[in-house]
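Undergrad: here is my input, please return the structure:
(one chain, ligands or ions: 2)
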Amino acid sequence: GLGLTNRKAENFGEWYSEVVVNGEMIEYYDISGCYILRPWSMAIWEILQAFFDPEIKKMKIKNCYFPVFVSSTVLEKEKDHIEGFAPEVAWVTKSGKSDLEIPIAIRPTSETVMYPYYSKWIRGHRDLPLKLNQWCNVVRWEFSNPTPFIRSREFLWQEGHTAFATKEEADTEVLEILELYRRIYEEYLAVPVIKGKKSELEKFAGGLYTTSVEAFIPNTGRGIQGATSHCLGQNFAKMFEINYENEKGERAMVWQNSWAYSTRTIGVMVMVHGDDKGLVMPPKVSSVQVIVIPVPYKDADTQGILDACSATVDALLEVGIRAESDSRDNYSPGWKYSQWEMKGVPLRIEIGPKDLANKQVRAVRRDSGAKIDIANADLVEEIKKLLDNIQQNLFDVAKQKRDECIQVIHTWEEFIEALNQKKMILAPWCDEKEVEEDVKARTKGETGAAKTLCSPFDQPELPEGTVCFASGKPAKRWSYWGRSY
Ligand SMILES: O=C1CCCN[C@@H]1CCCn1cnc2cc(F)c(F)cc2c1=O
Ligand SMILES: [Mg+2]
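TA: Ligands and ions are numbered 1, 2, ... in the order given. Just a heads-up that it's a prediction; the model follows:
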């Protein structure tokens, strides 16, 4: 029968796997760590892309497409760049029965694919800024527990790769892109995130600095990196000789950024909003926003009810609301209610004989379960308001829950206590790499070590004399800490 066998609060991992499958987002695949994205989740990816792509086009960023294959000579051009990542690289070693001369890697990210051509294309200052993006898949043969959307061996993302004449231009773009990522989470997925800077230990080692939007999953007490925007400095320009003749005729290296969000966004949304009846879809990203269900009663005017359903759908489609009717005659209304609740459709409209007679419909909210009778004359306006209200309510509830998980601490004892209470910890920190390494070592356990999530741009007051919770040295900044995905 329908319904979940796992409860979100009891066994989160199993609940999550069940919800993404029963909600028809994911089908498990016969290769571990790989998943089928079914239309219900692919539609979310397309809606996010339909927001993000025009926004980067406004920033004069152009889409392109580079090959998925990277020769080993190119990939391993810079030992230190990928040494830590080598185990994750997937290789093509044969074609048919014969071995390939040179093994070919499948891109885990595209710096080494793209930058030799940046070096070729960027000659003079008029070639700058060069701003490209690609929508593609990447492969990383991860070994830690694979999780649909959150950690898979292949995923979809966009990767932006830009090159500028000055650091100022690069710094500005890093934050413009980060704001788009915040909007993806907060305005579309209704998930609150924190903007901040990654620590030296957690940043992209090949870059100069990393910024990110950090989400938090209250049920597991784990932070999760939502998206990332790096300033690469001139590190890759040096590695790949991406330089140009500047306006003074001197040889100068470019300043670069790279930034990405991926299908991980969908998993975060499911984890934050889902409940024990299944998915809960924010209206803005739901491919069906309103499902209209006929509730025939014995010999009552069934055709009249079906006509009212299609009229209701048409009126909503007319104003751009994504509505469908479920007039299948082989399922009961009750069965349909639970199916569409499992898929998380934000609003259900029921039309029975009484509704028909009263020229009204009954709307039921997925987020609160509230039932609202709406006169046909007010249908479009009321449904628009309800959808906006559901979108806002999902964000407000998620933000309130996330804020309840935030714990400000000052001492090691308080830190450990908060960690055990699955909190997102805000602590004064000396910002020394060795100290972060020490905290990781001291908190290692079966549920994973604590690490910095980010140092928020929005810094609370740091009174003179405040000391680091872990080292006792003078604190330099506030940082969020926690276990993470
Ligand atoms: O995170 C981004 C934004 C989009 C472009 N790339 C950057 C940095 C990616 C960091 N990274 C992340 N994972 C990797 C996995 C690998 F197998 C590998 F060879 C390299 C990498 C790797 O460089
Ligand atoms: Mg990784």
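Undergrad: show me the shaky parts of the protein.
TA: Residue ranges of the chain with pLDDT under 70: 1.
Undergrad: next one: the spatially most central residue of the chain from Phe66, what distance?
TA: When C-alpha atoms, centre = their mean is applied to the chain, the residue found nearest the centroid is Thr265 (1.7 Å). Per C-beta to C-beta, to the nearest Å, Thr265 is found 23 Å from Phe66. For the C-beta atoms, the positions are set from N, CA and C on the backbone; glycine is no exception.
Undergrad: separation between the closest residue to Ile44 other than its chain neighbours and Glu464?
TA: Nearest in space to Ile44, with sequence neighbours left out and distances taken as C-beta to C-beta, 6 or more residues apart in numbering, is Val285 at 4.7 Å. As judged by C-beta to C-beta, Val285 and Glu464 stand 46 Å apart.
Undergrad: circling back to that earlier point, tell me which element the residue nearest to the centre of the chain falls in.
TA: Assigned by DSSP states H and E, Thr265 falls within helix 264-273.
Undergrad: say whether ligand 1 is contacted by that helix.
TA: No - against ligand 1, helix 264-273 shows no contacts by C-beta under 6 Å from any ligand atom, the least distance being 11.6 Å.
Undergrad: same check on stretch 210-225?
TA: No - applying C-beta under 6 Å from any ligand atom, one finds stretch 210-225 separated from ligand 1 by no less than 7.9 Å.
Undergrad: and that stretch, C-alpha only, in CSV?
TA: Extracted as CSV, the C-alpha positions of stretch 210-225 are listed here (Å, rounded to 0.1, in the frame of the first residue of the first chain):
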residue,chain,number,x,y,z
THR,A,210,36.4,30.0,-1.5
THR,A,211,33.0,31.4,-0.7
SER,A,212,29.9,29.2,-0.2
VAL,A,213,26.3,29.1,0.8
GLU,A,214,25.8,26.7,3.7
ALA,A,215,22.6,24.9,4.5
PHE,A,216,21.8,22.8,7.6
ILE,A,217,19.8,19.6,8.0
PRO,A,218,18.2,19.8,11.5
ASN,A,219,17.3,16.1,11.6
THR,A,220,20.9,14.9,11.3
GLY,A,221,22.5,18.0,12.7
ARG,A,222,24.8,18.2,9.7
GLY,A,223,25.8,21.2,7.6
ILE,A,224,25.9,20.9,3.9
GLN,A,225,27.7,23.0,1.3
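Undergrad: what does the stretch 201-350 of the chain have sitting close to ligand 1?
TA: So far as C-beta under 6 Å from any ligand atom goes, the stretch 201-350 of the chain lies against ligand 1 at Phe204, Thr228, His230, Ser258, Trp259, Ala260.
Undergrad: how many neighbours does the first one have?
TA: Neighbourhood size, Phe204 [other C-beta atoms under 10 Å]: 19.
Undergrad: same deal with the last one?
TA: Using other C-beta under 10 Å, Ala260 is surrounded by 20 other residues.
Undergrad: can you pull the contacts of it?
TA: Thr109, Trp157, Gln158, Glu159, Gly160, Ala227, Thr228 (C-beta atoms under 8 Å, 6 or more residues apart in numbering).
Undergrad: was I right to think Phe469 contacts Glu413?
TA: No - with contact defined as C-beta atoms under 8 Å, Phe469 does not count as touching Glu413 (9.3 Å).
Undergrad: neighbour count for those two, which is higher?
TA: Phe469 (23 against 10).
Undergrad: what values do phi and psi take at the more buried one?
TA: Here is the backbone geometry of Phe469 (degrees, to the nearest 10): phi -60, psi -30.
Undergrad: which residues are in contact with the closest residue to it other than its chain neighbours?
TA: Closest residue to Phe469 apart from its sequence neighbours, by C-beta to C-beta, 6+ apart: Ala427 at 4.5 Å. Ala427 sits next to Val408, Ile409, His410, Phe415, Phe469, Ala470, Trp478, Ser479, Trp481 when contact means C-beta under 8 Å, 6+ apart.
Undergrad: coming back round to it: and the residue nearest to Ile44, how many neighbours?
TA: 24.
Undergrad: now it: how far from Leu189?
TA: From Val285 over to Leu189 (counting by C-beta to C-beta), the distance is 6 Å.
Undergrad: hang on, the earlier thing: how about the residue nearest to Ile44, what does it touch?
TA: Ala43, Ile44, Ile47, Leu48, Tyr188, Leu189, Met269.
Undergrad: rewinding a little: residues in contact with the residue nearest to the centre of the chain?
TA: Ile44, Leu48, Phe149, Ile184, Tyr185, Leu189, Gly226, Ala227.
Undergrad: narrow the residues you listed to those in helices?
TA: Ile44, Leu48 (DSSP state H).
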